[in-house]
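**Student:** The following comprises the amino acid sequence and a computationally predicted model.
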Number of protein chains: 2
Amino acid sequence: MTKICRYGTHRVIEPKGVLPQPAWKIDNTPNIYENEILINVDTLNIDSASFTQIQEQSQKEGKEISQIILDTVAERGKQHNPVTGSGGMLIGKVAKVGQQLKNIDLKKGDKVATLVSLSLTPLYIEKVNGIRNETDQVDVEGKAVLFESGIYAKLPDDIDDNLALAVLDVAGAPAQTQRLVKDGDTVIVIGAGGKSGLLCLYEAKKKVGPNGKVIAVEYSQEGIDRIKEIGAYDEIIQGDATNPVDLLSKVTDINGGQMADLTINCVNIPSTELSSILVTKERGTIYFFSMATSFTQAALGAEGVGKDIDMIIGNGYAQNHSDIAINILREDQAIRTLFQRIYT
Amino acid sequence: MTKICRYGTHRVIEPKGVLPQPAWKIDNTPNIYENEILINVDTLNIDSASFTQIQEQSQKEGKEISQIILDTVAERGKQHNPVTGSGGMLIGKVAKVGQQLKNIDLKKGDKVATLVSLSLTPLYIEKVNGIRNETDQVDVEGKAVLFESGIYAKLPDDIDDNLALAVLDVAGAPAQTQRLVKDGDTVIVIGAGGKSGLLCLYEAKKKVGPNGKVIAVEYSQEGIDRIKEIGAYDEIIQGDATNPVDLLSKVTDINGGQMADLTINCVNIPSTELSSILVTKERGTIYFFSMATSFTQAALGAEGVGKDIDMIIGNGYAQNHSDIAINILREDQAIRTLFQRIYT
Ligand SMILES: NC(=O)c1ccc[n+]([C@@H]2O[C@H](COP(=O)([O-])OP(=O)(O)OC[C@H]3O[C@@H](n4cnc5c(N)ncnc54)[C@H](OP(=O)(O)O)[C@@H]3O)[C@@H](O)[C@H]2O)c1
Ligand SMILES: NC(=O)c1ccc[n+]([C@@H]2O[C@H](COP(=O)([O-])OP(=O)(O)OC[C@H]3O[C@@H](n4cnc5c(N)ncnc54)[C@H](OP(=O)(O)O)[C@@H]3O)[C@@H](O)[C@H]2O)c1
């Protein structure tokens, strides 16, 4: 009998000894073990880098997009793009919950989004119903398996699915902001006009209280306009986070020489580590949500300027992160209106 | 006239607008500006990840280690390994103190170690005198420049220079361990038989108290022997940190299914993020001191297995870190004897 594992290693076919994500091939048999959840898949949200690659390959090889996806899934047991290495997420309805998962808040028929990557999710496709090129989405009939360690969110009835998905993608950021911000803090959000940045501004502004201060740093005029539309800030700095010397002087000017207790980095570009370090106080904290963060740039950067600060790697998951993120849409009409316009 | 800056941006050649660490090339002219310190360099202590890479490159390309170092310094103006991104540190004697640095406790002839990375330190090498493969040290004749923001330690009289240097190189690790470990914690140190690992074991063992537990994870028999010689542990696991499934089961076996409150990663090789994540408790903390840590592997790895843990980037600097590290040598004869044998 197969020994089942909360991380799904019992489904790893090749190579042995690794976890499902780095594995080349996993077992996608659509019958679940006792610690798994079976999902009837409606839609795959292919990661944007992966979808672009698939589109290019389709044009080059004259092969249908749906066939490329079917081939990958047949070969690997998961929609794990062999070129880009990335996956995406999916939405569907719960078909069956394994007997061992007694305390889970899911029942047959619940609509869910999986919050773990498709690059580790066993997937079995019966039929591709349609490709939506504008949104990187693929409608399918099929089954997916969620491991015991896998995270998911029930899709709310009161919010458009695509809006919920957009927000769930960056749910870790506002959840961590809630945890890290203390009353009276000066908080700087870098890349504040983007999707995660705006949600962080909102949570930070709620938590700093009347004696705290939230400073939004954003590059583009469009981003500044979005920040103003939301209104959750005390100061806005228009600046380039890849230029630490310039940003430092702008923060110094606007904040009487004081740096931040907490800096939240939400940009989508590399080389912003040093700016984040320079605008943070001695013994302050930086939360790097940006996936473009370089570990060595951050570690050596702080040492290089002699700053004793705590720097945190943006874990995409935090307890209740999906509820926290979705609730922002319920609490704040300005964010909901803006996000509805942009993401649906 | 060049406008001088406490962070040394006046020496950045390429690209402009960045700080010396991320810069590709800096000016290593061995004449100082008014806010700089000139040092006659005796020894470079190459970062372990960098030295390992240089050794491999030397074997593969049949090029001398000294030539690889000379080429890097000629090309970049600093010993900034272009593959690993890391540096190291140096010891030498103060040759000149800039006029603007009135309040500094340094004078010509003082023996110092620079505690900022070689990856941002202007370095001019006249001659390589010798390579010490066992200790990652390189004896040179040359000059280095310390910026106004740069940190340093005067070398103590009661401790051999090379011994002090070896310990100062990783001084951030025991200092952070002191901060992060709480009474009663279960602490796992991965790569525990290495230089930083042993110092972390020692500090962790002091702080966990009688109800806590320190588990040392190490790959090689030599490392295990070093750990036993020091004696600062409750359990030792011989295992490969690049194999998360195997390590998880070993920790589970030895610790009654309990994971760590705090995991300290001190390895010198890549792909150990998932092991560190799996052996850490929900809401526990990982301190990644290893420079081979990948930000995305850590962030996506934790999300992929649904672990809500805090992951900290190992800042090489913490207040008093040099005193904390050097004091271990004064407090503990076993560590001093071992390090004296290995590093001097
Ligand atoms: N840690 C995790 O688990 C996790 C999960 C999901 C996403 N992420 C990462 O989080 C980051 C942000 O995601 P997002 O969806 O919020 O992205 P986004 O909506 O594209 O936002 C990025 C923001 O950064 C701004 N920006 C770009 N360059 C800048 C500069 N030089 N200076 C200042 N601001 C600048 C952008 O301004 P413009 O208006 O000029 O574009 C934009 O407002 C990405 O790196 C993503 O990979 C991490
Ligand atoms: N964050 C910072 O500011 C900073 C500053 C300095 C250094 N560092 C980094 O800290 C790390 C450690 O430095 P160090 O001087 O302590 O290095 P070290 O003395 O070489 O120690 C590394 C240890 O890891 C062990 N190891 C190697 N592969 C392993 C595996 N697969 N599983 C378990 N253990 C394994 C090694 O065992 P063996 O006996 O088999 O080699 C060795 O004992 C390096 O990555 C370095 O770049 C960071």
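**Tutor:** Perfect, I can see it now. Ligands and ions are numbered 1, 2, ... in the order given.

**Student:** burial count for the closest residue to ligand 2 within chain A?
**Tutor:** Residue nearest to ligand 2 within chain A: A:A299 (4.5 Å; CB to the nearest ligand atom). In short, each C-beta sits where N, CA and C put it, glycine included. Close neighbours of A:A299, defined as other CB atoms under 10 Å in any protein chain shown, add up to 26.

**Student:** and what of the one 5 residues further on?
**Tutor:** The local packing count at A:G304 equals 29, with neighbours defined by other CB under 10 Å.

**Student:** and what of A:I13?
**Tutor:** Residue neighbour count, defined by other CB under 10 Å, stands at 14 for A:I13.

**Student:** could you measure it against A:K143, distance?
**Tutor:** Applying CB to CB, to the nearest Å, the value for A:I13 to A:K143 is 17 Å.

**Student:** for A:N162, same thing?
**Tutor:** Computed as CB to CB, the A:N162 to A:K143 distance reads 23 Å.

**Student:** Likewise for A:A232?
**Tutor:** Using CB to CB, we find A:A232 at a distance of 41 Å from A:K143.

**Student:** Repeat that for A:E64.
**Tutor:** With the distance defined as CB to CB, A:E64 ends up 22 Å from A:K143.

**Student:** The two: which has the busier surroundings?
**Tutor:** Taking neighbours as other CB under 10 Å, A:E64 and A:K143 compare with A:K143 leading, 22 against 12.

**Student:** Against B:Q238, how distant is that one?
**Tutor:** Computed as CB to CB, the A:K143 to B:Q238 distance reads 41 Å.

**Student:** do the same with A:D139
**Tutor:** For A:D139, the distance to B:Q238 (CB to CB) stands at 51 Å.

**Student:** Kindly report the same for A:G172.
**Tutor:** From A:G172 across to B:Q238, the span is 35 Å (CB to CB).

**Student:** more crowded one of those two?
**Tutor:** Applying other CB under 10 Å to A:G172 and B:Q238 shows that A:G172 carries more neighbours, namely 26 against 15.

**Student:** you'd agree the more buried one is up against B:E303?
**Tutor:** Yes. Under the contact definition of CB atoms under 8 Å, A:G172 touches B:E303, with a separation of 7.4 Å.

**Student:** what's the burial count for the residue of chain A at minimum distance from ligand 1?
**Tutor:** At 1.8 Å from ligand 1, A:G194 is the closest residue in chain A, using CB to the nearest ligand atom. By other CB under 10 Å, 23 other residues sit near A:G194.

**Student:** Can you list the low-confidence ranges for chain A?
**Tutor:** For chain A, the stretches with pLDDT under 70 are A:1.

**Student:** Near ligand 1, which residues of it? Just list them.
**Tutor:** Within chain A, the residues that sit near ligand 1 (CB under 6 Å from any ligand atom) are A:169-170, A:172, A:190-191, A:193-197, A:217-220, A:222-223, A:240-242, A:266-269, A:289-292, A:314, A:316.

**Student:** isn't A:G193 right next to A:V217, touching?
**Tutor:** No. A:G193 is beyond contact range of A:V217, at 9.1 Å (criterion: CB under 8 Å).

**Student:** Have a look at the two and say which one is more surrounded.
**Tutor:** A:V217 (32 against 26).

**Student:** Now do the same for that one: helix, strand or coil?
**Tutor:** The three-state label given to A:V217 by DSSP: H, G, I helix; E, B strand; the rest coil is strand.

**Student:** what's the distance between it and B:L106?
**Tutor:** As judged by CB to CB, A:V217 and B:L106 stand 37 Å apart.

**Student:** for A:I224, same thing?
**Tutor:** Distance, A:I224 to B:L106, using CB to CB: 46 Å.

**Student:** A:L247 now?
**Tutor:** From A:L247 to B:L106 the distance is 31 Å (CB to CB).

**Student:** what's the answer for A:I312, then?
**Tutor:** 34 Å.

**Student:** neighbour-wise, which of these two wins?
**Tutor:** Each of A:I312 and B:L106 has its neighbours counted (other CB under 10 Å); A:I312 has more, 20 against 15.

**Student:** All good on my end, thank you.
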